[in-house]
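Engineer: Just a sequence and a predicted model for now, questions to come.
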Amino acid sequence: MNPRLKKILLLLLAGVLLAGVFQVEESMNLDRDALGLTRVQPLENAPPVLAFTTVALGGFRGLISNILWIRATDLQDNDKYFEMAQLADWITKLEPHFVQVWLVQAWNMAYNISVKFKDFPDRWRWVERGLDLLRDDGLRYNPNETLIYRELAWFFQHKIGANMDDANMYYKQQWANEMAQVFDKKTPDLEPLIHPRTPDEERRARLLREKYKMDPEFMKQVDERYGPLEWRLPESHAIYWAALGLKEAELNPSKIKPDDLITLRRVIYQSMQMSFQRGRLVANPFLKSFEFGPNLDIIPKVSAAYEQAAQEDAKNRDHIEKAHKNFLKDAVYFLYVHNRIADAAKWYQYLGTKYPNNTLLDYQTNSFPRNLTLNEYAVSRVEEDVGETMSRDRIKAIIEGLLTDALTSLCLGDNERAAGYKLLAQQVHNTYSSKTKARGEALAISPLDDIQREVVNRLLDPQNGMVPEMRAVLRTKLNLGPEPPAAISSTNAVPESASSK
Amino acid sequence: MQRLFAIITLTWKAAFRFKLFLVVAVLLLASVVGLPLLIKDDGTARGFTQILLTYTLSTVTALLGLSTLWLACGTLARDIEECQMQVVAVKPIARWQIWLGKWLGIVSLNAALLLLSGVSIYALLQWRASRLPAQEQQVLRNEVLVARGSAKPATYDKEIDAATEQALQDRLKKTRIDQADFNLVRQQIREQIKARYQLVPPNFTKRWVIDLGLAKNYLRDQPLYLRVKFNSADRSTSGTFDGLFAAGVPQKTALWRSEVMSLAPDTFHEFAIDPNLFDENGQLTVEFYNGNNTALLFPLDEGMEVLYREGGFGLNFLRGLGIIFCWMALLAALGLAAASFMSFPVAAFCAVGILSLVFASGTMANAVSEGTIANYDAEKGTKGHSPADIVVIPTFRAVLKLIALARDFSPIDSLSTGRSVTWEQLGLAFAQIVLLLSGVLAAFGIFVFTRRELATAQGTQ
């Protein structure tokens, strides 16, 4: 054959083969991915230096990573932490696809290193380092890894949200402060962040997207599906990241193990339960702090989440149903305390229908829903909280506590809660009075109005009561008039109140 | 002297001719300037300064170390291979003067480069510190950019040993102890007695009296720092325990009491206490109240330490550089000794091999502590046995002792944690590293080089 013709034919053949490879390469890559034949996947979203380093170092990456890991362990054993952020950064960047490396390094910073510091700001810095590592880098290079979403959600749910760490309230405060910058120190509203109109809204939307890597539109979807949520609290963020993990899992079903999905759903319903219990921020302007209140509006969604989880997780169905029952008991009680009697009655009925053969009170074998009215259950629940007692002093202390809560809620503008506590105090008083009627004066308790007057006087005491601003609010709400000026003692005489004691 | 100086000058000229001085100087300056831009710190000015000090000094040490080895091997071996040494050797100069001149040339070159890097690092640190808010500057000057000395309470070794012997004799009177178990029993008794000095039961208070010695004379109105560490057999839910410390003696000194602190076990905690809490004899009394429901144990050797300002950072930094300089002198001697009888590639390979051996001394230390080079089953706590152990383990032990002469100094660590690098440490480093180790290598190198037949060297030109 003519050599020139041969070369042309070979070139043509090469071209045809290249075109053929181009055609089948994509489907072959998909097959390799699906069959788990690919051990080294291309790095997504990596900066050029990192992409180059990971390719250039080849198999030595693991070796270098190990050396760095040994150094990190040695330093940690010697309580030297100033290099840890750098070492964690290098170790994870050398093995960017090794999910466990991200998880262990982030956990180490957020859990192990943070508690080594005695000052809470130092601890918070390391918790944030752990969050940053997962959120800013781990998810950047592994956007489909459900385990990273699960871990991130767990940090919010457990490390910041739970009360295991002595500094947990500091963490919550710091997180609320950070979110206050996003939401302009107001009750979270997502609409201006989705459609910013002013430069300030644009700045805050950018802050949310770029620093906290959160999408306001997806936040809105989460809020609608699982909320309403208080976005200044960690539980809401746990739900967000777990929900995002579920969404990513739906997009890549072949890579997901069923157990991973279950853990993500577990984070969601557990965090929703936490949001129900204390998912509302109640600012206390008098003490310049915040308190938590229950988020009663999400009760139907929390209940639905439990039921869905029980349906999907056959292995743990018993545990989930038990948790669901406990949640319903709390929901009824909380609704009652907040004077939402109709809702409380509705959920009490649901509890009775759903779990008719489960007792409601510990150590009372006959406390089935059919045997207790809503009022009896609520009062018994208070007694159960403080220990069942028929001591007059103990009951009086309980009633005083409930009335103090009612009056404090009144000062903070939470009228529903105030009314609920007052109602519960009334119920406890009535129950005690009816049970001790036969003993007459021996166990008689003062009328509720007298006890309330006593509590009010105590709270309005300038020496030991509430702060002046709160006293003024309480006086206004109770129509008691302005506080009389403090008497100025002109002599060294012992005050009358003291001498009469 | 003139001959030595001539060789030193030739070495410097060679370093400039090879552009080595320029390249290393640029690399050192680039690392000092570039590292702060690349490293990720823990978010505090203190942490940033610590990591900056550690990484810049480590980089400088590594760069200088490698270039010193390369130059030391090259300057002698290549001179011989390129037949320049043969020309020098016929001049009226002794071989030992050539060898020593080259060593001094490399050492002085290192001194210049180290000084250049040191001044850059120092200036960088001071510049960055001066830009911090006053409060952070104060923290930095008190905790990192400072030379802090330390004082510890008595360790009661004599009392513990005496009580151990007494208890052991009492035990021997009651029961018979096998010879094989004797040391173990003694050790157990000692630990039990030691625990009495270390343990703080729940709701009890432990007191330490720490003698500040002569430091009391210059510590008036100066802040002191307590560095404490405790262990616990129990784990708390939060992972921490409450700690309440007090210092001073009522009606004798000023008093200080901490807030309740949330402290993790097995961790060093450092915190400031008020000045002037020690008495006229320089004794500081510290108390710890254990309000937890579990006993806490403060180890005698590291449970309680007082840190105080002993001097400024500048001089401390200089002493730290002094120790690094001693290491460079040793590497120069190692390179020259290897090049005295080997060709450049072999000498360089050998020198780097020895350096690697030093860095891998942890493996040898493990083998020595386990008593074998055979596999150790950590789960069973048993070890295998290798016939080679009889030779290898004592050899490892000797090598480790030799390495320790040079490695038992940690100037970078001390500088980054604000601890004093004392004149005594510097003197000891000079004696051990320069006089002893480098001296032995120099003696070997000079001996070999003097006896070497230069004419038989395989020239490359």
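Structural biologist: Right, received. Where do you want to start? Numbering: from 1, shown residues only, chains lettered A, B, ... in the order given.
Engineer: What separation do you get for the spatially most central residue of chain B and chain A?
Structural biologist: Nearest to the mean C-alpha position of chain B, counting by C-alpha atoms, centre = their mean, stands residue B:410 at 1.8 Å. Here the criterion is C-beta to the nearest C-beta, to the nearest Å. By it, residue B:410 lies 11 Å from chain A. Quick note: C-beta positions are derived from backbone N, CA and C, even for glycine.
Engineer: need the contact list for residue 449.
Structural biologist: As the question left the chain open, I've gone with chain A. Not one residue lies near residue A:449 by C-beta atoms under 8 Å, 6 or more residues apart in numbering or on different chains.
Engineer: my question was about chain B
Structural biologist: Applying C-beta under 8 Å, 6+ apart to residue B:449 gives the contacts B:76, B:95-96, B:98-99, B:340-341.
Engineer: interface residues of chain B facing chain A?
Structural biologist: Residues of chain B lying close to chain A by C-beta under 8 Å from any C-beta of the partner chain are B:39-44, B:46-48, B:50-51, B:54, B:237-240, B:243, B:261-264, B:267-269, B:271, B:416-417.
Engineer: For the stretch 1-150 of chain A, which segments count as helices?
Structural biologist: Using DSSP state H, counting those that start in this stretch, the helices of the stretch 1-150 of chain A run over residues A:3-35, A:48-57, A:60-77, A:84-94, A:99-107, A:120-132, A:139-141, A:146-154.
Engineer: I'd like those written out as CSV, with mean pLDDT, distance to chain B and mean neighbour count added.
Structural biologist: CSV is the format used below for those (pLDDT from 0 to 100; distance: least, C-beta to the nearest C-beta, whole Å; neighbours: other C-beta atoms under 10 Å in any protein chain shown):
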stretch, mean pLDDT, distance to chain B, mean neighbour count
helix A:3-35, 86, 33, 10
helix A:48-57, 68, 10, 13
helix A:60-77, 84, 9, 14
helix A:84-94, 83, 5, 21
helix A:99-107, 89, 12, 20
helix A:120-132, 93, 5, 21
helix A:139-141, 87, 15, 19
helix A:146-154, 93, 16, 25
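Engineer: Could you dump those into TSV with distance to residue A:320 added?
Structural biologist: Below are the helices of the stretch 1-150 of chain A laid out as TSV (distance: least, C-beta to C-beta, whole Å):
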stretch	distance to residue A:320
helix A:3-35	32
helix A:48-57	42
helix A:60-77	38
helix A:84-94	34
helix A:99-107	25
helix A:120-132	28
helix A:139-141	28
helix A:146-154	17
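Engineer: Please tell me how far the residue located most distally from the centre of chain B sits from chain A.
Structural biologist: Residue farthest from the centre of chain B, counting by C-alpha atoms, centre = their mean, is residue B:174 at 47.2 Å. For residue B:174, the distance to chain A equals 41 Å [C-beta to the nearest C-beta].
Engineer: What count of nearby residues applies to residue B:89?
Structural biologist: Using other C-beta atoms under 10 Å in any protein chain shown, residue B:89 is surrounded by 17 other residues.
Engineer: got it, and the one 5 residues further on?
Structural biologist: For residue B:94, the count of nearby residues is 13 (other C-beta under 10 Å).
Engineer: how near is it to residue B:76?
Structural biologist: Between residue B:94 and residue B:76 the computed distance is 15 Å (C-beta to C-beta, to the nearest Å).
Engineer: Got phi/psi on whatever residue of the stretch 201-350 of chain B ends up closest to chain A?
Structural biologist: Proximity of the stretch 201-350 of chain B to chain A (C-beta to the nearest C-beta) peaks at residue B:262, 4.1 Å away. Dihedral angles phi and psi of residue B:262 (degrees, to the nearest 10) take the values phi -90, psi 110.
Engineer: Same check on residue B:144?
Structural biologist: The phi/psi pair for residue B:144 (degrees, to the nearest 10) is phi -120, psi -60.
Engineer: Also residue B:329?
Structural biologist: Residue torsions, per degrees, to the nearest 10, at residue B:329 are phi -60, psi -40.
Engineer: Would you agree it is in contact with residue B:438?
Structural biologist: Yes. Assessed by C-beta atoms under 8 Å, residue B:329 is found in contact with residue B:438 at 5.4 Å.
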